[in-house]
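Novice: with the sequence up front, the predicted model follows.
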Protein chains: 2
Amino acid sequence: MEYPESPDKSTPLRVGVVLFPGFQALDVFGPVDCINVLSWSHNVTLALISSTLEPVTTKSPTSANATGQSVVPTHTFATAPPLDLLFVPGGLGTRGSSPVIEEAISYIRSIYPQLGYLITVCTGAGLAARAGVLDGKRATTNKMAWAEITGLGVNVDWVPRARWVVDGNVWSSSGVSAGIDVTLAWIGEVYGSEVARDISNSMEYTRHEDPSHDPFAELHGL
Amino acid sequence: MEYPESPDKSTPLRVGVVLFPGFQALDVFGPVDCINVLSWSHNVTLALISSTLEPVTTKSPTSANATGQSVVPTHTFATAPPLDLLFVPGGLGTRGSSPVIEEAISYIRSIYPQLGYLITVCTGAGLAARAGVLDGKRATTNKMAWAEITGLGVNVDWVPRARWVVDGNVWSSSGVSAGIDVTLAWIGEVYGSEVARDISNSMEYTRHEDPSHDPFAELHGL
């Protein structure tokens, strides 16, 4: 892995986030706000990556009457910088095969061998599965969309009861807010538990710290 | 209040969110994602309101090396539509007296009498306090920034141990992720507890449902 085991303030952590129309807002901004707070005390860069530099809406093409917010990418899939960590969020927009979704899947497939870490949030695991990068790995995903998403990765060892799962350099989380927990767990692993705890406390967030505790698996009969 | 007691699908809930440089990403996108999910089944409009229509960054002017993301406003303070509910987020950018912060405070002061509800998140309570709209009311705010923010509202009855506080039509929450809890509580009050529970479950979010439970007050010696 390119990223040093003991990060110091002189070596930036280079983070990227894949964006596409219909991404779930909290899938992105839960993890990203953890990274923003990390950047107050550590050297971090963060790229928002999509097919063009036009603002990307959270509104799914299939939800005509839904509210949506638009976020400005910093890079395209073609101009994305080298990354230590890539986040792949989920959302209604992961469904289907629009050009931007196909581009996102191709990007994940091509960048994965160069990454230190991949973190999927919610149905973002479906994009990673379609890219083939979860093949032969243990992973989890959103519990409400379980059947649909796990069907996209027949060679993935899907774990139904998990807030998040780590297999090698792939960290996959359950739905939406679980992205905050997997990100804090990852920060704890790479930067130390005190850094993760300080970020969590400053966000007044009550963490799930046990990756196997999953009340939502039960709720959805998994 | 303009907003009907029993919302139905034909009457839109008109929501606004104040944006300024250095807003905390999760202060906005925790509550906003709850509203987005609400909009999948209910009639909702959502305006992002700032001083201009230029994208607004989460990066504080005082945090030179921090990471930041830019969000596109839909309205200016001058062109904002009538609202039933206004969110005022917090963040490092609430500090000081930049032109946009002064404009935000003036906007909150002038719009407040026309609102059905005001929800402050985190240090957003400081902006509402400076606008004078919390005078004589019970309210809470971020626990790490407690002394600084409560000093901005000497006529406010600040409540130190609270995940959130309701006084009349003002709902104020503690720091950052508490914004999700106050929003779900507000949705439960206005749309019913089942709607709030369904949104929370679809976000796989473990709610704080007791407004008086506040582990972070203790952590900061309040």
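Specialist: Alright, I've got the coordinates.
Novice: okay, CA-based contacts and neighbour counts for the rest of this
Specialist: OK.
Novice: let's verify the residue of chain A most remote from its centre: helix, strand, or coil?
Specialist: Among the residues of chain A, the one whose C-alpha is farthest from the average of all C-alpha positions is A:Asn65, by C-alpha atoms, centre = their mean at 26.2 Å. Three-state secondary structure (criterion: DSSP: H, G, I helix; E, B strand; the rest coil) places A:Asn65 in coil.
Novice: next up, the contacts around it.
Specialist: B:Ser39, B:Trp40, B:Asn43 (C-alpha atoms under 8 Å, 6 or more residues apart in numbering or on different chains).
Novice: what's the nearest residue to the last one if we skip its chain neighbours?
Specialist: Residue nearest to B:Asn43 in three dimensions, not counting chain neighbours: B:Pro12, with 4.6 Å by C-alpha to C-alpha, 6 or more residues apart in numbering or on different chains.
Novice: any idea which residue of chain A lies closest to chain B?
Specialist: Relative to chain B, the nearest point of chain A is A:Val71 (4.6 Å; C-alpha to the nearest C-alpha).
Novice: who in chain A is up against chain B?
Specialist: Proximity of chain A to chain B is confined to A:24-26, A:29-30, A:32-33, A:35-37, A:39-40, A:43-46, A:55, A:63, A:65-72, A:144, A:174-178, A:201-205, A:216 under the rule C-alpha under 8 Å from any C-alpha of the partner chain.
Novice: make a ChimeraX selection of the buried ones in the residues you listed.
Specialist: One line in ChimeraX is enough to select the buried ones among those; burial here means 16 or more other C-alpha atoms under 10 Å in any protein chain shown:
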select /A:24,25,26,29,30,32,33,35,36,37,39,43,44,45,46,55,65,66,67,68,69,70,71,72,144,174,175,176,177,178,201,202,203,204,205,216
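Novice: which ones among the residues of chain A next to chain B are found in helices?
Specialist: Residues from the residues of chain A next to chain B lying in helices, with DSSP state H as the criterion: A:25-26, A:29-30, A:32-33, A:35-37, A:39, A:178, A:201-202, A:216.
Novice: mind putting these in a markdown table, distance to B:Val156 and pLDDT included?
Specialist: Written out in a markdown table, the entries for those read as follows (distance: C-alpha to C-alpha, whole Å; pLDDT from 0 to 100):
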| residue | distance to B:Val156 | pLDDT |
| --- | --- | --- |
| A:Ala25 | 33 | 98 |
| A:Leu26 | 32 | 98 |
| A:Phe29 | 31 | 98 |
| A:Gly30 | 31 | 98 |
| A:Val32 | 33 | 98 |
| A:Asp33 | 29 | 98 |
| A:Ile35 | 33 | 98 |
| A:Asn36 | 31 | 98 |
| A:Val37 | 29 | 97 |
| A:Ser39 | 33 | 97 |
| A:Ala178 | 36 | 97 |
| A:Asn201 | 25 | 97 |
| A:Ser202 | 24 | 96 |
| A:Phe216 | 40 | 95 |
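Novice: helices along chain A, start to end?
Specialist: Secondary structure of chain A by DSSP H: the helices cover A:25-39, A:99-111, A:124-130, A:146-150, A:178-191, A:193-202, A:215-219.
Novice: chain center to the lowest-mean-pLDDT helix or strand in chain A: distance?
Specialist: Lowest mean confidence among the helices and strands of chain A (mean pLDDT, DSSP states H and E): helix A:215-219, at a mean of 93. Helix A:215-219 has its C-alpha centroid displaced from the chain centroid by 21 Å (C-alpha atoms, centre = their mean, to the nearest Å).
Novice: stretch A:173-188 too?
Specialist: Taking mean C-alpha positions (C-alpha atoms, centre = their mean), stretch A:173-188 and its chain are 8 Å apart.
Novice: could you do stretch A:68-86 as well?
Specialist: Taking C-alpha atoms, centre = their mean, one finds the center of stretch A:68-86 at 13 Å from the center of the full chain.
Novice: count the residues that sit near A:Asp198.
Specialist: The burial count assigned to A:Asp198 is 14, neighbours taken as other C-alpha atoms under 10 Å in any protein chain shown.
Novice: so who does A:Leu118 touch?
Specialist: A:Leu118 sits next to A:Leu85, A:Leu86, A:Phe87, A:Val88, A:Tyr112, A:Asn169, A:Val170, A:Trp171 when contact means C-alpha under 8 Å, 6+ apart.
Novice: and those, which two are the farthest apart?
Specialist: A:Val88 and A:Asn169 (13.7 Å; C-alpha to C-alpha).
Novice: those two: which is more packed in?
Specialist: In this view A:Val88 and A:Asn169 are compared by other C-alpha under 10 Å, and A:Val88 has more residues nearby, 26 against 14.
Novice: tell me the pLDDT at that one?
Specialist: In this model, A:Val88 is scored at 98, pLDDT.
Novice: and what of A:Val28?
Specialist: Note on A:Val28: pLDDT of 98.
Novice: so it touches A:Val71, yeah?
Specialist: No - contact criterion C-alpha atoms under 8 Å: A:Val28 and A:Val71 do not qualify, at 10.5 Å.
Novice: tell me the contacts of A:Val17?
Specialist: A:Val17 touches A:Val28, A:Leu46, A:Ala47, A:Leu48, A:Ile49, A:Leu86, A:Phe87, A:Val88, A:Pro89, counting by C-alpha under 8 Å, 6+ apart.
Novice: just flag the most distant two among the residues you listed.
Specialist: Between all members of these, the longest pairwise span (C-alpha to C-alpha) is found for A:Leu46 and A:Pro89 and amounts to 14.7 Å.
Novice: stretch A:99-111: how far from the chain's middle?
Specialist: Computed by C-alpha atoms, centre = their mean, the separation of stretch A:99-111 from the middle of its chain amounts to 14 Å.
Novice: so, low pLDDT: which residues of chain A?
Specialist: Low-confidence segments of chain A, defined by pLDDT under 70, span residues A:1-10.
Novice: how many neighbours does A:Leu86 have?
Specialist: Should you count by other C-alpha under 10 Å, A:Leu86 turns out to have 26 residues around it.
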